[in-house]
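In: pasting the structure only:
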């Protein structure tokens, strides 16, 4: 364990996981303390992200966002401002540096034997160690090169500029296309075209393409392109405009080398609205041609040109996609109902249009109270999409999800996820769902690797916390959820997800505070207040009892079906009979379960650990087809 040390007014005691000032102490999680100790042992020097990840998470596949979350927690505890740092400085796209002078309590920097040893899982990852060891030499070479560039040693900057007429682009983000129409109702067109370009680029090229959910937050952003490129960790940025006049649509697009805001290429396109998908492919092909000149990897053959759509059918599809996307913005099932209505119109008019079937499937998923009819419609729609377009990645990932939930066809689901990822390695949603499935069936290392890739592809969304929670990495799950909440503090789902890791760390007050915030943000303010009141009077057991009452009321009034929530509440209360009753209900009526989780995560969910020794748990795992 590292020696105690000071910097500025702060005393750091790693053995206690505390930092203190003027007699007031703040407790840090072990991983956050590990990051601070590693920075202190290299005080004044830049510490690469790879070094921090290898030191603090030697056996776990985690992405940069987990590290960013820990740095954020440190800055909050130390009252440090990232924009004007006095303690921890960010080295863009490289790492971090502790700039405050460090005084070790024994008068010397900690020795190797005294270095901080973070908590590790009992199963060590030989693969991870080999990969990281093999990469150290390359990392060192890259850092040395960066230092040469930074200090212009030997005139390296001039030589780079001389040979830098075509900046290399290995990753790209498509910013929301800006609508030039004064009619706000036309936003669906620019949103749909943006999403289409991202999908086409992801499948047409061998480069990394950032997910639409991460780029959408930059709509109308005032941030500079280099700043956006740094936040998304990309080389290329595509931006442009959309203008509609009657049944004609015009797109202008330009490719920018993000780090230096350097213009690479621009072009305008104009087509009849019925040919808008062909227009998308033209833009995609031109962009990939430009990028192909700047990357060594070969490009895959672009998708075949699509058949034209009637403008009214196209408009219905774009409207359906627009409403479906609003579900995550708090519009909930009202938006899904509208989406289903528009998408069914598309299918009635053109029964061979595969994307409409994928949208229809999702319009009947993620419901507070599903039904057998919803499950049937979703499954048939996904199967039809695969039949119509066997090379459509999203069709396979949607069918994979439905084979898992509610189908419990674990092998079939994994095969479909594999097809989706092979067709589009940039499909962050497929990788995230695949991550969760792999962890549930006991293949945690593979799962966490998929989560890390999904997080890289979609950095502004949470693609890691569920996998980290299921594998008992609670500090890391909390760190990434807190980071995501800084970006979107009113996201109720993120607050709900914090309940589990906080509760497992025995931070019951924080857990139920997050639960109450979640319920409030979903419009259940009175229920949230009831839980807070119950906790104040009777602690976490009282709050768990009230949680069960509130969920039972929602079910009695047919507002939701949440048997997994009830099973968790009764597990907390130690009432195994009621917990197993609700788990069996979740199993028997699994087509009704969408947002609840039900029994689909039973193989790995830590909330059910107190039940695992009961023979009824093994029986349930057997019925689910999971390893006992």
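Out: Received, thanks. Just so it is clear, the model here is predicted, and its values are computed rather than measured.

In: With adjacent residues omitted, what lies nearest to residue 432?
Out: Sequence neighbours aside, residue 454 is the residue nearest to residue 432 in space, at 4.1 Å (criterion: Cβ to Cβ, 6 or more residues apart in numbering). The C-beta positions use only the backbone N, C-alpha and C, and glycine is treated the same way.

In: From residue 40, how far off is the one you found?
Out: Per Cβ to Cβ, to the nearest Å, residue 454 is found 32 Å from residue 40.

In: Give me the more crowded residue out of these two.
Out: residue 454 (26 against 23; other Cβ atoms under 10 Å).

In: what's the helix or strand for that one?
Out: Using DSSP states H and E, residue 454 sits in helix 444-457.

In: what about that helix, average pLDDT?
Out: Averaged across helix 444-457, the pLDDT comes to 92.

In: For the following helix or strand past it, name the packing helices and strands.
Out: As assigned by DSSP H and E, the chain's next helix or strand after helix 444-457 is helix 465-470. With contacts taken as 3 or more Cβ pairs under 8 Å, 6 or more residues apart in numbering; DSSP states H and E, helix 465-470 sits against helix 428-440, helix 444-457, helix 474-487, helix 492-504.

In: Can you check what angle separates the last one from helix 474-487?
Out: Spelled out, that is helix 492-504. For helix 492-504 against helix 474-487, the angle by axes from the mean of the first three to the mean of the last three Cα atoms, to 10 degrees is 150 degrees.

In: Give me the buried positions along helix 492-504.
Out: Using 16 or more other Cβ atoms under 10 Å as the test for burial, helix 492-504 gives 492-504.

In: show me what contacts residue 434?
Out: Residues near residue 434 by Cβ atoms under 8 Å, 6 or more residues apart in numbering: 400, 414, 417, 418, 421, 447, 450.

In: which among the residues you listed end up buried?
Out: 400, 414, 417, 421, 447, 450.

In: Ramachandran angles for residue 627?
Out: phi -60, psi 140 (degrees, to the nearest 10).

In: isn't it right up against residue 618?
Out: No. Look at residue 627 against residue 618 with Cβ atoms under 8 Å: they stay out of range, at 10.2 Å.

In: These two: which is more packed in?
Out: residue 618 (13 against 10).

In: The more buried one: what's it in contact with?
Out: Residue 618 neighbours (Cβ under 8 Å, 6+ apart): residue 628.

In: repeat for residue 181
Out: Here residue 181 is in contact with 189, 242, 243, 244 (Cβ under 8 Å, 6+ apart).

In: out of the residues you listed, what pair is the most spread apart?
Out: 189 and 243 (9.5 Å; Cβ to Cβ).

In: ok, back up a step: distance-wise, check the residue nearest to residue 432 relative to residue 447.
Out: Distance from residue 454 to residue 447, by Cβ to Cβ: 11 Å.

In: tell me, what's touching those two both at once?
Out: residue 435.

In: where in this structure is pLDDT low?
Out: Of all residues in the chain, those with pLDDT under 70 make up the ranges 1-2, 59-63, 106-166, 182-186, 204-206, 292-309, 325-332.

In: Enumerate the positions of the longest helix anywhere in it that are buried.
Out: With secondary structure taken from DSSP state H, the chain has its longest helix at helix 525-556. For helix 525-556, burial by neighbour count (16+ other Cβ under 10 Å) applies to 527-528, 530-532, 534-535, 540, 542-548, 550-551, 554-555.

In: elements contacting that helix?
Out: Going by 3+ Cβ pairs under 8 Å, 6+ apart, helix 525-556 lies up against helix 508-521, helix 563-572.

In: Identify, out of the ones you listed, the most deeply packed stretch.
Out: Across the helices and strands packed on helix 525-556, averaging neighbours per residue (mean count of other Cβ atoms under 10 Å) puts helix 563-572 on top, at a mean of 24.

In: who touches that helix?
Out: Under Cβ under 8 Å, 6+ apart, the answer for helix 563-572 is 503, 540-541, 544-545, 547-548, 551-552, 576, 578-580, 582-583, 585-586, 589, 593, 596-599, 607-608, 610-611.

In: Over to stretch 363-381?
Out: For stretch 363-381, the surrounding residues in contact (Cβ under 8 Å, 6+ apart) are 320, 324, 327, 332-333, 336-337, 339-340, 343, 357-358, 360-362, 399, 401-402, 406-407, 558-562, 591-595.

In: One more: stretch 604-617?
Out: Here stretch 604-617 has contacts from 439-440, 442, 444, 469-472, 500, 503-504, 567-568, 571-572, 574, 576, 579-580, 597, 602, using Cβ under 8 Å, 6+ apart.

In: now swap in stretch 268-277 and tell me
Out: Stretch 268-277 is contacted from outside by 193, 196, 244, 247-253, 278-279, 282-283, 306, 308-311, 314-315, using Cβ under 8 Å, 6+ apart.

In: And that stretch, end to end?
Out: 15 Å (Cα to Cα, to the nearest Å).

In: Flag every buried residue along it.
Out: 269, 271, 273, 274, 275, 276, 277.

In: Tell me the gap between that stretch and the middle of its chain.
Out: A distance of 33 Å separates the centroid of the chain from that of stretch 268-277, by Cα atoms, centre = their mean, to the nearest Å.

In: Now do the strands in this protein.
Out: 5-7, 10-13, 18-21, 24-27, 47-48, 88-91, 95-98, 103-104, 171-174, 178-179, 208-209, 236-245, 248-257, 262-272 (DSSP state E).
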